[in-house]
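Colleague: Give me the fold of what follows.
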Amino acid sequence: MRNKIIQYLLIFISLIALYLFVSDLNKTEAFVASQERMTNRMEKLKDSIAQLVTDQTEHAYFSLALNRDAQLSYPNLSPDDLRFLLEAYLLEQNDAPNGNPLLSSIGKGWIVNKISIVNHKWLLADFTNGSQWGDALFQYQVNNNKQARLRLLNHVMYP
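Modeller: Numbers count the residues shown, from 1 in each chain. Model (predicted):
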């Protein structure tokens, strides 16, 4: 009787060990498959990031931030400082009663919404009067006192 109990106990322990082995094997396979999926996903994301960086660099080709030669024109100002200075000046001009006086040749009531600095001499501005909008090309200069002077070169109106 004692041998039978030991025999059943050994069979039961063997079955438990087999179950644990198979269960661990399945978990290991699932982990390896999951790790492989994550590796593939990371590769795709790295490729996407590289493509985005390439696209951004190409789209920002005409940008003061990437143009080292243009940055040398204003050695005392970083590109961010220059952007802040010009943006503040243009937005301050928006407070005039008849709209931005820099856009007065287009008409009254125009205000600048957003700017993009092209290089050390030009900037693009988006403007609107509430019902119409357009883009403008400005020539700018910043003196040693960090005061900006802008002149409207041309503009485009959208329907």
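Colleague: who touches the worst-scoring helix or strand of the chain on mean pLDDT?
Modeller: Using mean pLDDT, DSSP states H and E, helix 68-71 stands out as the lowest-scoring helix or strand of the chain, at a mean of 84. Here helix 68-71 makes contact (CB atoms under 8 Å, 6 or more residues apart in numbering) with 64, 79, 119-121. Every C-beta, even on glycine, is put in place using the N, C-alpha and C of the backbone.
Colleague: Serialize these to CSV and add fields for secondary structure and pLDDT.
Modeller: Below are the contacts of helix 68-71 laid out as CSV (DSSP: H, G, I helix; E, B strand; the rest coil; pLDDT from 0 to 100):
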residue, secondary structure, pLDDT
L64, helix, 82
P79, helix, 88
N119, coil, 90
H120, coil, 90
K121, coil, 94
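Colleague: which one of those residues is nearest F21?
Modeller: Distance to F21 across those (CB to CB) is lowest for P79, with 62.9 Å.
Colleague: Report the contact partners of the closest one.
Modeller: The contact partners of P79, taken as CB under 8 Å, 6+ apart, are 64-65, 71, 117.
Colleague: Could you identify the pair within the contacts of helix 68-71 that is furthest apart?
Modeller: Spatially, the most separated pair among the contacts of helix 68-71 is P79 and K121, at 14.0 Å (CB to CB).
Colleague: coming back round to it: weed out the non-buried ones from the contacts of P79.
Modeller: If you count burial by 16 or more other CB atoms under 10 Å, the buried members of the contacts of P79 come out as 64, 71, 117.
Colleague: can you map out the strands along this structure?
Modeller: Applying DSSP state E to the chain gives strands spanning 111-117, 122-128, 133-142, 148-158.
Colleague: Turn the ones you listed into JSON lines, columns for mean pLDDT and distance to A88.
Modeller: Converted to JSON lines, the strands of the chain look like this (pLDDT from 0 to 100; distance: least, CB to CB, whole Å):
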{"stretch": "strand 111-117", "mean pLDDT": "93", "distance to A88": "10"}
{"stretch": "strand 122-128", "mean pLDDT": "95", "distance to A88": "13"}
{"stretch": "strand 133-142", "mean pLDDT": "95", "distance to A88": "12"}
{"stretch": "strand 148-158", "mean pLDDT": "94", "distance to A88": "9"}
